[in-house]
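With the input below, show me the fold.
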Amino acid sequence: MDDILLEPLKAYTQRYRNEIEERAYKHIDSLVKRSGLNVEQNRQTVAQYRTECAACDRFDKMAARQKGAKIFLIICAVLGFVLAAVGIYLLVKGSTVAGASMLPAGLVVAAGSIVLIVLVLNSRIRNNSAQADKHREQADKLLAEAWEQMRPFNSLFESTDTKNLIEATVPLLKIDDNFDMRRYDYLNGKYGFGDNDDIDCSTIELLSGEILGNPFLVERELVHTTVMQTYTGSLTISWTTTYTDSEGHRHTQHHTQTLHASVDKPMPDYSEYTRLIYGNDAAPDLVFSHSPSHAEKLNEKQLERRVKSGAKEIQKLQKEQIKAGGSTFTEMGNAEFDVLFGALDRNNEVQFRLLFTPLAQKNMLSLMQSNDGYGDDFAFNKRKCINVIESEHSAMWDLDTSYSRYASYEYDNAVAKFVTFNKDYFKHLFFELAPLLSVPLYQQHKPKEYIYKTEYSRNYTNYEAECAVNRIGQEPFRHEATATQTILKTDLLSKNGSTDEVRVRAYSFRTEPRVDYVSMRGGDGAIHSVPVPWTEYIPVDNTSTVKLNKIGLSDKEFDRRVRDQAAQPAAELGSARSYARGLLCCLTQSDDAAFDRFVSGLLDNQQK
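Take a look at the predicted model:
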C-alpha cells in the first residue's frame, strides 16, 4: 500500500496535484511525437489567422460605421426634400419670406447628403467591405490550414485518456470500463447495494472502480420530486356609496378595489443528484451520518466559538442519554472533531472509535478545514458496509471524458483544455473519495474473497441501461404530449447471446390550464369569486424498446467504423443510438433485425 495515502490531503497537495499535471503534459508530448505535429508552425499559422481576423473585424466595423452614416444622410436627404416641399408650399400660399429661406436650405441639405453618399460613402463602403472579404477569405484558408496541421494530433486523443492518467498517478485506484454485472454483483451480493428501481430517479452518468479491492460507484441521477407552486389571481370590483354632507346635500362616491387570491398546487420538479457509494467490511455494524459543516469558511475565532458552543451541547446530550439509559454515546475526547464531524447518531461506539483513530480524526479535520480541496461540503452516511458520500462540489463535476472535447485548430488551446479538464476531473474524484481515504482502516481492510455467479440473467446492469438511453436523449422516448422533463426507466425483456433487449418506460407530465375561484369578501361587504389560473400536471408515459450490446471498441474507433462503408447498416437504425465505454444502445424500429446487422457489420469490420 502507498503510505502517503494514509494522509490524503497531504498526498494531494504534495504529490498527486502536481503529478497529474506532469503526466498530462507528458502525454501531450507523446502525442506530438506520434503525430509529427510541427508546434511552432501551427502557432505561426494561428497567429496569422488571428491577424487576418483582426483586420477583417476592423474593416467590417469601418464599413458598419459608414453604413450608419449613409443611413443618417439618407434621412437628411429626405428631410431636406420635405423642407424644400414645405418651402414651395409656403411660396404658393404667399408666405414669401419663410418659403424663400426653407426652399434653398432644404435643397442644399438634400443635395449635399446625396453628393456625400454617392461620391464618398458608397466607394468607402465598397472598399472596406471588399477588404473585409479579402481578409475573411484569407482567414478561412489559414483556419483550414491550422485544422489540417492539427488533424493527426487531434486524432490521437482517446476517451480513456483520463482513466489511464488517474490510474498511473494513483496505482491503488482502478477505474472500470463500465459498471458491469460482476461489479454490481459484488456490491449487491457482498454489501447489500440495491438496484435502481425508483421510478422517480433515472441514472444519467456512471463511474465505477475500486480502491485496494474495495468497490466504489459514482452515480448521477435525474430526480423527480413534487413541489408546491403558488399561483395568484386578481379581481377588480367597484361599488358606489352615498353620504350626506353637513349642509344636507347627498353625494355619491365611487370605489374600486383589487382583490388578490392565491392557491398552492403540486407541480413536478427535476434536479440532478450525484453520490458516491463505497463498499467496505470494516466496522460492519456501524451506522452514522455527517452533514456539511463548511468549516473551511470559518476563521480562527469563529471556529473557536463554534467548537466551544458545540462542545457544551454534546456534553448536555451525553448527560441526557446516560440519564435515560438508552445509549452508549460518549465524547471522543477531541472537541473539535466531535463538533465539526458530528455523527452523534452513531449506533456503535466501539466500531466508531475503531474507524476514527487519532490519525483518522486528524485527517478528517484537515480535510474539512482546507481550501486545497472543497472543504467540508460533503455528507458522509455509513449504513453498515455501505458508505455514501454526497458533496456539493460534485454538481460541478463533468463526468464525460469524451475525446471530442479536446479537438482544436490551435495546439496551445488543445493542450490547455486537456490539462485543465484532467486536473479538474482528478481533483473532483480524489476529494469525492477523500473522506473515505481519511480513514486508515478502510485502506488497511482488504475485502474477503467473493464467489461470483457463473451466470447472470442479463448482460448489462440496469444502471448502465438507463445511462445508455439517457445518452440517446429524452426526445425519442418521451410521450408526444409531454410538457416536462422525462424520467427514463428500464427493465429487461430478454437476453439473447451478448445482446439485451430492454424496455424503456418514459414518465413525464402533460399540462392542462385550470382556474380556481377563491371566495373573498370585498370592501363592499359582498363575497366575490376571485379567479386564479393554474396549471395541472397530468402523468403520461410512453414505452419503447432498445437493444444493448458490448462492442468493446474505443469511442473513436466506433465512430470511425460507423463512417466506414462496412458499417453501412447504421443508416437503417437512424440517429437514436448511443455508444460509450464500449456499450452500444439503439432504439429498435419496426425492422427488429437492423440492430443485429449493424453489430455484425461492426464486428466483421473489426475482424478485417
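
When you work out contacts or count neighbours from here on, use the C-alpha atoms and nothing else.
Will do.

On the three-state scheme, A311 is what?
Secondary structure, DSSP: H, G, I helix; E, B strand; the rest coil: A311 is helix.

check contacts around it.
335, 338-339 (C-alpha atoms under 8 Å, 6 or more residues apart in numbering).

For the helix or strand hosting D185, give me every contacting residue.
Applying DSSP states H and E as the criterion places D185 in helix 181-191. Under the contact criterion C-alpha under 8 Å, 6+ apart, helix 181-191 has outside partners 193-194, 215, 279-281, 385-386, 450, 452-453, 456, 458-461.

So which of these wins on neighbours?
Comparing those by number of neighbours (other C-alpha atoms under 10 Å), G279 comes first, having 28 neighbours.

which residues sit in contact with the residue nearest to it when sequence neighbours are not counted?
In this structure, G279 finds its nearest non-sequential neighbour in I386, 4.9 Å apart by C-alpha to C-alpha, 6 or more residues apart in numbering. Shown here is I386, whose contacts under the criterion C-alpha under 8 Å, 6+ apart are 191-193, 277-280.

could those residues go into a markdown table alongside secondary structure and distance to H528?
A markdown table is the format used below for the contacts of I386 (DSSP: H, G, I helix; E, B strand; the rest coil; distance: C-alpha to C-alpha, whole Å):
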| residue | secondary structure | distance to H528 |
| --- | --- | --- |
| Y191 | helix | 62 |
| G192 | coil | 59 |
| F193 | coil | 57 |
| I277 | strand | 56 |
| Y278 | strand | 60 |
| G279 | strand | 62 |
| N280 | coil | 65 |
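
which one of these is nearest A11?
Nearest to A11 among the contacts of I386 is Y278, at 20.5 Å by C-alpha to C-alpha.

And that closest one, what's its pLDDT?
pLDDT, Y278: 97.

just E455 next, same as before
E455 carries a pLDDT value of 88.

my read is it is in a helix, agree?
No - E455: not assigned to a helix; according to three-state DSSP it is coil.

burial count for it?
Other residues near E455 come to 8 when the count uses other C-alpha under 10 Å.

Relative to W534, how far out is it?
According to C-alpha to C-alpha, to the nearest Å, E455 and W534 sit 53 Å apart.

now N459
46 Å.

Equivalent analysis for L173, please.
Here L173 is placed at a distance of 52 Å from W534 (C-alpha to C-alpha).

what does H393 give?
If you go by C-alpha to C-alpha, the gap between H393 and W534 works out to 36 Å.

Name the residue in the two with the higher neighbour count.
Between H393 and W534, counted using other C-alpha under 10 Å, the more crowded position is W534 (20 against 16).

My guess is the more buried one contacts Y517. True?
No - counting by C-alpha atoms under 8 Å, W534 sits too far from Y517 to count as a contact (10.7 Å).

okay, now the domains of the chain?
Annotated domains of the chain cover 39-154, 462-607 [automatic domain parsing].

So in the protein, which helix runs the longest?
If you go by DSSP state H, the chain has its longest helix at helix 39-92.

Show me what whatever helix or strand comes next after it packs onto, helices and strands only.
Scanning forward in sequence from helix 39-92 by DSSP H and E, the next helix or strand is helix 96-116. Secondary-structure packing of helix 96-116 (3 or more C-alpha pairs under 8 Å, 6 or more residues apart in numbering; DSSP states H and E): helix 39-92.

Show the secondary-structure elements that the helix it packs on is packed against.
Judged by 3+ C-alpha pairs under 8 Å, 6+ apart, helix 39-92 is in contact with helix 96-116, helix 122-154, helix 411-437.

Helices of the stretch 301-450 of the chain, start to end?
For the stretch 301-450 of the chain, helices defined by DSSP state H, counting those that start in this stretch occupy the ranges 335-341, 349-355, 358-369, 411-437, 440-444.

picking up where we left off before, pLDDT of the longest helix of the chain, averaged?
Here the average pLDDT along helix 39-92 is 91.

Could you do stretch 337-353 as well?
Across stretch 337-353, pLDDT averages out at 93.

Distance check, A100 against G80.
From A100 to G80 the distance is 14 Å (C-alpha to C-alpha).

Looking at the two, which one has more neighbours?
G80 (24 against 15).

could you measure that one against V532, distance?
Separation of G80 from V532 (C-alpha to C-alpha): 56 Å.

just R34 next, same as before
According to C-alpha to C-alpha, R34 stands 68 Å off from V532.

Please say which of those two ends up with more neighbours.
Applying other C-alpha under 10 Å to R34 and V532 shows that V532 carries more neighbours, namely 19 against 12.

Number of residues surrounding the residue lying closest to the more buried one once chain neighbours are set aside?
Closest residue to V532 apart from its sequence neighbours, by C-alpha to C-alpha, 6+ apart: G233 at 4.2 Å. Neighbour count for G233, taken as other C-alpha under 10 Å: 18.

Same question for G99.
Counted with other C-alpha under 10 Å, G99 comes out at 22.

Please list all residues in contact with it.
Counting by C-alpha under 8 Å, 6+ apart, G99 has contacts 86-91.

which one of those has the most neighbours?
Using other C-alpha under 10 Å as the neighbour test, these are led by G87, with 25 neighbours.

Hmm, it is touching V97, no?
No - proximity of G87 to V97 does not meet the contact threshold set by C-alpha under 8 Å, at 9.5 Å.

Next secondary structure element downstream of the lowest-mean-pLDDT helix or strand in the chain?
Least confident element among the helices and strands of the chain, by mean pLDDT, DSSP states H and E: helix 570-573 (a mean of 62). Under the assignment DSSP H and E, the closest C-terminal helix or strand after helix 570-573 is strand 577-580.

which neighbours do G87 and V97 share?
By C-alpha under 8 Å, 6+ apart, no residue touches both G87 and V97.

Could I get the pLDDT score of K417?
In this model, K417 carries a pLDDT of 97.

Contacts only, for it.
Taking C-alpha under 8 Å, 6+ apart, we find K417 in contact with 405-406.

any idea how far E410 is from it?
For K417, the distance to E410 equals 11 Å [C-alpha to C-alpha].

and if you look at M102?
Going from M102 to E410 by C-alpha to C-alpha gives 62 Å.

beta partners for the residue nearest to G279?
I386 has these beta-bridge partners by DSSP bridges: G279, R383.

Would you quantify the distance from it to F337?
Distance of I386 to F337, given as C-alpha to C-alpha: 22 Å.

cool, and L143?
Distance from L143 to F337, counting by C-alpha to C-alpha: 58 Å.

Check F380 too.
Noted for F380: a distance of 14 Å to F337, by C-alpha to C-alpha.

With distance to V227 as new columns, can the helices and strands packed on helix 39-92 be given to me in JSON lines?
Formatted as JSON lines, the helices and strands packed on helix 39-92 follow (distance: least, C-alpha to C-alpha, whole Å):
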{"stretch": "helix 96-116", "distance to V227": "64"}
{"stretch": "helix 122-154", "distance to V227": "46"}
{"stretch": "helix 411-437", "distance to V227": "29"}
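
Of those helices, which is nearest F509?
In terms of C-alpha to C-alpha, the element of these nearest to F509 is helix 411-437, at 34.4 Å.

list the buried ones in the closest one?
By neighbour count on 16 or more other C-alpha atoms under 10 Å, the buried set for helix 411-437 is 411, 414-415, 418-419, 421-437.

From the chain's centroid, how far away is it?
Distance of helix 411-437 from its chain centroid, counting by C-alpha atoms, centre = their mean, to the nearest Å, is 16 Å.

This completes my enquiry, with thanks.
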